[in-house]
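Asks: sequence and predicted model, in that order:
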Amino acid sequence: MDQIAFHHDTVLSDVHMHLPGARHLMTRLNSVGQPVFVSRFKVLVEGHDNSDRGKVLDQKEKLNDPQGDTKTSPCQDEEKDGEGNVEPFLDEDGDLDVPHRPRENSAVGGRDLVCPVILKQSSPVIELEECEEEEEDRCSEGVLRIEHTMATTLEDVGKQVWRGALLLADFILSKPELFRGSTVLELGAGTGLTSIIMATTATRVYCTDVGEDLLRLCKRNISLNKHKTEPADAGVEFSWTEEEVADLYDNTRFIVAADVCYDDDLTDGLFRTLYRLCSSFTHSCTIFISLEKRMNFTLRHMDVTCQAYNHFRRCLSQLQDLSDGRCVFRVEQVPLSFSQFLLYERIEQLELWKLSAALLPLVDVQLDSDLLSS
């Protein structure tokens, strides 16, 4: 397959557009005929502080400046200008004609040159290189290999990698002691990247989503990164055993979800699921939801709005104000001051929210039921 066809309803994650050093080689076709690509995500041994981002960018610019190490003093410039006593060139009108040296990666209008990414199927030579890279990845604890699709319709965006998953993975890597030894449930896992990172510290991770094709992608990615996780439990594919259901309700301490609030119906379904689970647990539970605010111009409002995010915030408020005598929720936004371990652009539209669910004492529940019956 030589290229991807973009349609009016095609969605492409910025992660795939700006992934450093990625060649986006197609590895196979999935069961529904979509091309599947593999990308390598390097996990830094020590995360860097985002307050130093300006310094890092300055260093990158210096490294990319071909003239950075060849600067001369004013005296040397004068000596070079005087060599040969070359007379200046004049144009037809007698004006000084100064030749301009072409710059590498020249830009139009002061902006960086943007080139389209050509997606091609791998050649035998590149396949050999990929095999060598895969062998290196097996020996490296700091590399994730994630298979994903690209340029999908909205209903299949779960098969791509999104910044919300990378943000949540950063938080997990920065707080390993928080999740160590716990049982964790991920809702809407997509490619499984966040669950794989979580499995490096948690005792058990339930990686869930909807659709067998998507779950096969998760299973494939878990297999590709088995050097980072414990072997998954064997059993009936994509189904729950009675023991797992009991373990989920008895031991789940954390629920996580990344970039699953881009559609109002999905957001409603997420909050209904969270409420049903937390009100059925026999213990308190902490929920982390990461998302990216996506701005759109709408003719209805004649302005730039973020309707999906606004609906998400309304759902947060309703959950926090809920009073049914079973459990209470406390909502707070997590500051993004934790270190960054994965290479991506942590833009200001990214947010991380923490929801703390606590069961009400049995006495309070009994009092509420008495009031309802009176």
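Replies: Received the coordinates, thanks. Residues are numbered from 1 along each chain as shown.
Asks: where do the helices sit along the stretch 201-350 of the chain?
Replies: 212-224, 242-251, 264-280, 307-321 (DSSP state H, counting those that start in this stretch).
Asks: mean pLDDT and distance to Val43 added to the ones you listed, as JSON lines?
Replies: Where C-beta positions appear, they are placed from N, C-alpha and C, glycine not excepted. Formatted as JSON lines, the helices of the stretch 201-350 of the chain follow (pLDDT from 0 to 100; distance: least, C-beta to C-beta, whole Å):
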{"stretch": "helix 212-224", "mean pLDDT": "93", "distance to Val43": "14"}
{"stretch": "helix 242-251", "mean pLDDT": "95", "distance to Val43": "27"}
{"stretch": "helix 264-280", "mean pLDDT": "96", "distance to Val43": "27"}
{"stretch": "helix 307-321", "mean pLDDT": "95", "distance to Val43": "29"}
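Asks: looking at it, Phe329 is touching Leu319, isn't it?
Replies: Yes - the pair Phe329 and Leu319 passes the contact test of C-beta atoms under 8 Å, sitting 4.9 Å apart.
Asks: can you list residues touching both of those two?
Replies: The contact sets of Phe329 and Leu319 overlap at Leu355 (C-beta atoms under 8 Å, 6 or more residues apart in numbering).
Asks: could I get the helices of the stretch 201-350 of the chain as JSON lines with mean neighbour count?
Replies: Formatted as JSON lines, the helices of the stretch 201-350 of the chain follow (neighbours: other C-beta atoms under 10 Å):
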{"stretch": "helix 212-224", "mean neighbour count": "18"}
{"stretch": "helix 242-251", "mean neighbour count": "12"}
{"stretch": "helix 264-280", "mean neighbour count": "16"}
{"stretch": "helix 307-321", "mean neighbour count": "15"}
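Asks: make CSV from those and add distance to Glu348 to it.
Replies: Compiled in CSV, the helices of the stretch 201-350 of the chain are given as follows (distance: least, C-beta to C-beta, whole Å):
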stretch, distance to Glu348
helix 212-224, 29
helix 242-251, 35
helix 264-280, 21
helix 307-321, 13
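Asks: quick one: which of those is nearest Arg163?
Replies: Smallest distance to Arg163 across the helices of the stretch 201-350 of the chain (C-beta to C-beta): 14.2 Å, for helix 307-321.
Asks: remind me what that closest one packs against, helices and strands.
Replies: Using 3 or more C-beta pairs under 8 Å, 6 or more residues apart in numbering; DSSP states H and E as the contact test, the elements touching helix 307-321 are helix 264-280, strand 327-334, strand 350-359.
Asks: next, the angle strand 327-334 makes with it.
Replies: Between helix 307-321 and strand 327-334, the angle comes out at 130 degrees (axes from the mean of the first three to the mean of the last three C-alpha atoms, to 10 degrees).
Asks: where does the stretch 1-150 of the chain dip in pLDDT?
Replies: 1-8, 19-24, 50-141 (pLDDT under 70).
Asks: could you redo the last one with a cut-off of 90?
Replies: 1-12, 14, 16-34, 42, 44-143, 150 (pLDDT under 90).
Asks: do the same with the stretch 251-374 of the chain
Replies: Those would be 282, 294-305, 323-326, 343, 360-374, if you go by pLDDT under 90 across the stretch 251-374 of the chain.
Asks: ok, Arg346 touching Phe338?
Replies: No - Arg346 lies out of contact with Phe338 (C-beta under 8 Å); the separation is 10.2 Å.
Asks: identify the residues contacting Phe338.
Replies: 47, 170-171, 174-175.
Asks: how near is the nearest residue to Arg330 once chain neighbours are set aside to Phe37?
Replies: For Arg330, ignoring the flanking residues on the chain, the nearest one in space by C-beta to C-beta, 6 or more residues apart in numbering is Ser356 at 4.4 Å. Distance, Ser356 to Phe37, using C-beta to C-beta, to the nearest Å: 38 Å.
Asks: what about the two, which has more around it?
Replies: Phe37 (21 against 14; other C-beta atoms under 10 Å).
Asks: touching, the more buried one and Arg28? I think so.
Replies: No - using C-beta under 8 Å, Phe37 is not in contact with Arg28; the gap is 9.4 Å.
Asks: need the contact list for Ala308.
Replies: Counted by C-beta under 8 Å, 6+ apart, Ala308 has contacts 261-264, 267, 294.
Asks: dump those to TSV, plus distance to Thr194.
Replies: Converted to TSV, those look like this (distance: C-beta to C-beta, whole Å):
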residue	distance to Thr194
Cys261	15
Tyr262	16
Asp263	19
Asp264	23
Thr267	18
Arg294	19
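Asks: among the residues you listed, which one lies nearest to Phe312?
Replies: Distance to Phe312, by C-beta to C-beta, is smallest for Cys261 among the contacts of Ala308, at 4.4 Å.
Asks: give the contact list for the closest one.
Replies: Cys261 is in contact with 267, 270, 289, 291, 308-309, 311-312, counting by C-beta under 8 Å, 6+ apart.
Asks: 7 Å instead?
Replies: Residues in contact with Cys261, defined by C-beta atoms under 7 Å, 6 or more residues apart in numbering, are 267, 270, 291, 308, 312.
Asks: that older thread, tell me which of the helices and strands packed on helix 307-321 sits nearest to Leu12.
Replies: strand 350-359 (17.9 Å).
Asks: what does the closest one contact?
Replies: 163-164, 167-168, 171, 278, 284-293, 316, 327-334, 336.
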